[in-house]
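Participant: only the shape, not the letters, is given here:
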C-alpha cells in the first residue's frame, strides 16, 4: 500500500477547528475559531462563500455535517444551542432549531439498509386516513394568491427534504444524549444516558 504524501498546503487567516468534505461535490466546509463557516473548492481552494458569526445564529461552532446528497450543510453552535441547516449554493440559513445542550457530535446519514432500526420510517405507508380525522374543506375565499404562496412553500420544503427517500441527522452531546432528526428537521428519537465517547457508523443497525 503506497504511503500518504502531501500534495498541497493552504494558509488561512484563522485557526480551523472543524472541516468536512462534501460527499458528492468537490467542496470542503470549514469552521474557524472565530465562528465563521466557510465553503471552499478542493481543487484550487477557491472560496465559494463564507457565513460570518452573528448573535442570532451563534459564534461557537462545535460540529459540521453534510446531508448525503451534498446540497445542505448542518452545523451546531454551543453559545446559542442551535443547529443550522445552510444551503450549499449560498450562505443562508434554510432551517434552524434549538437543542437543550450544545452539540459535540453530528452525522447525517441516508437510511437504506433493511436491517436499520429506522426501517419502519423508511417503508412506512401513508396511513393518515386511518389515524387522523378528515381535513375540513377549504374556505370559499381560498384565493389564487394563497395557492401560489403554498406552492412556493412546497418548493422550499422539497429543497429541505432532499433527493433521497429518508435521511437522518444524528446529534450527540457530552451530557450523554443522542437525538435523531428525520430530514434534519423532525425529531424522531432521543436516547439519554449514553457513555462517551460513542461511535455511530453510516448505518444504524438493530
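Facilitator: Yes, it's here. All values derive from a computational prediction rather than experimental measurement.
Participant: in this structure, which helix or strand is least confident?
Facilitator: Among the helices and strands of the chain, helix 128-131 carries the lowest confidence by mean pLDDT, DSSP states H and E, at a mean of 51.
Participant: where does pLDDT dip in this structure?
Facilitator: 1, 113-159, 161-165, 194-206 (pLDDT under 70).
Participant: quick one: the helices in it?
Facilitator: 119-122, 128-131, 144-161 (DSSP state H).
Participant: tell me where this protein has strands.
Facilitator: For the chain, the strands defined by DSSP state E cover 16-21, 27-32, 37-41, 47-51, 61-66, 72-77, 82-87, 93-98, 105-110, 167-173, 177-182, 186-192.
Participant: return the most buried member of those.
Facilitator: strand 72-77 (a mean of 25; mean count of other Cβ atoms under 10 Å). From N, CA and C alone the C-beta is placed, and that goes for glycine too.
Participant: mind listing the strands it pairs with, and their directions?
Facilitator: Here strand 72-77 has these sheet partners by DSSP bridges: strand 61-66 (antiparallel), strand 82-87 (antiparallel).
Participant: got the ones you listed as a markdown table, with distance to residue 16 columns?
Facilitator: Below are the strands paired with strand 72-77 laid out as a markdown table (distance: least, Cβ to Cβ, whole Å):
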| stretch | distance to residue 16 |
| --- | --- |
| strand 61-66 | 10 |
| strand 82-87 | 17 |
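Participant: now do the contacts for residue 46.
Facilitator: Contact analysis of residue 46 by Cβ atoms under 8 Å, 6 or more residues apart in numbering lists residue 40.
Participant: in contact with residue 32, which residues?
Facilitator: 12, 14, 15, 16, 17, 38.
Participant: quick check: bridge partners of the fourth one?
Facilitator: So that's residue 16. Note on residue 16: beta-bridge partners by DSSP bridges are residue 32.
Participant: what about residue 71, how many residues nearby?
Facilitator: By other Cβ atoms under 10 Å, the residues close to residue 71 number 18.
Participant: all further residue positions should be reported with the first residue as 34.
Facilitator: With the count now opening at 34, the last piece we talked about shows up as residue 104.
Participant: if we ignore the residues flanking it in sequence, what's nearest it?
Facilitator: In space, residue 104 comes closest to residue 121 once its chain neighbours are excluded; the distance is 5.2 Å by Cβ to Cβ, 6 or more residues apart in numbering.
Participant: my guess is residue 104 contacts residue 119. True?
Facilitator: No: between residue 104 and residue 119 there is no contact under Cβ atoms under 8 Å: 10.3 Å.
Participant: for the residue nearest to residue 43 when sequence neighbours are not counted, what are phi and psi?
Facilitator: Distances taken as Cβ to Cβ, 6+ apart place residue 78 nearest to residue 43, at 4.9 Å, with adjacent residues excluded. Here is the backbone geometry of residue 78 (degrees, to the nearest 10): phi 60, psi 30.
Participant: now do residue 78 against residue 89, distance only.
Facilitator: 29 Å (Cβ to Cβ, to the nearest Å).
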